[in-house]
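1. Provided below are the primary sequence and the corresponding predicted coordinates.
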Amino acid sequence: MSLATLLIQIILTVPLTIILNYFKNKDNRCLNQILIPTIYIILISALIPSIKQNIFLIVVFEIFIRNFYITNVTNQSKNISNMRFIIESIISIVLSIFTYNYFISKVDSVIPEPESIKAFLWFLIVLFLISLYKISNKNNINKEEIKSNEIKKEQVVIKYAEFKTKYSSLVKSRNSIVNNMAYALMIYNDRMNPKIGRKIKEFIYSFSKNENKYGIMQVPSYVKISDEESIRMTVKELERKVKNSKLKSNEQVDLLLKDINGKEEILKIYNIILEFQR
């Protein structure tokens, strides 16, 4: 595989990223994110057969670019489940490698012939592209996906018990509102950025000198910090916000949640913790 081929494949990840970014909020989002990369490399193999060697690398490069774009450019990392992103990425890579090994690399040209099974594959691709076109004209929110993303009371209670046992020595403010809010933020951030996702991101960040988010609390920092340190820093910041405050409990909660992403979900978690404590 020549360097020129590799460079062209890296360049061709950009259109794929744009396409995936466009379809990310459409219906059947998960299916789109998994299938579109494989369809894309088949189309590229047909249009530019000279670069089809190891063309599945386009999918791998695109995932790294999209992760960088989401995290550092659009700052949308808090609105996207990292575990879902990781699972979709793994399936997409496996599917693209399978397609390359058992289809693209086995034929001289992926352009279909009447007597070949390739015609059937292209028929499926056409049907899928037509489906995407219809979906792109809809602005409906996938209610089932929203429902599946709603955090359940049982999950909050289990996580609260787990984190309180593990981190109670770090969350010990004299203000109980600060303590409960710290646990609510902890549960929310851990849900949006599971431990395995954080470890992968930290590995990627090790090659960057930019400010990134570290620890279970996702605290911005130029250097790597641990989960424990991120908790200490968050508790200290929460205490600073309500220091010497004579506000009522609900007003303190509003103040602590000011300018925080996902405040509605965090408030739900906070209220479940209060209900559990009664």
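-> Structure's in. What do you need?
2. Sketch out the helices for the stretch 51-200 of the chain, chain order is fine.
-> Assigned by DSSP state H, counting those that start in this stretch, the helices in the stretch 51-200 of the chain fall at 57-68, 82-102, 118-136, 143-149, 153-167, 176-192, 195-205.
3. most neighbours per residue, which of these?
-> The highest mean neighbour count among the helices of the stretch 51-200 of the chain, using mean count of other Cβ atoms under 10 Å, belongs to helix 176-192: a mean of 22. Backbone N, C-alpha and C define where each C-beta goes, glycine included.
4. That helix vs helix 82-102, what angle?
-> Using axes from the mean of the first three to the mean of the last three Cα atoms, to 10 degrees, the inter-axis angle of helix 176-192 relative to helix 82-102 is 10 degrees.
5. ok so, going back, ok, of the helices of the stretch 51-200 of the chain, where does mean pLDDT dip lowest?
-> Mean pLDDT is lowest for helix 143-149 among these, at a mean of 48.
6. would you turn the helices of the stretch 51-200 of the chain into a markdown table with distance to residue 260?
-> What follows is the helices of the stretch 51-200 of the chain, written out as a markdown table (distance: least, Cβ to Cβ, whole Å):
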| stretch | distance to residue 260 |
| --- | --- |
| helix 57-68 | 23 |
| helix 82-102 | 18 |
| helix 118-136 | 33 |
| helix 143-149 | 18 |
| helix 153-167 | 17 |
| helix 176-192 | 8 |
| helix 195-205 | 19 |
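7. between these, which gets nearest to residue 235?
-> helix 176-192 (5.2 Å; Cβ to Cβ).
8. other SSEs contacting the closest one?
-> Helices and strands touching helix 176-192, by 3 or more Cβ pairs under 8 Å, 6 or more residues apart in numbering; DSSP states H and E, are helix 153-167, helix 227-241, helix 249-257, helix 263-277.
9. Perfect, that will be all.
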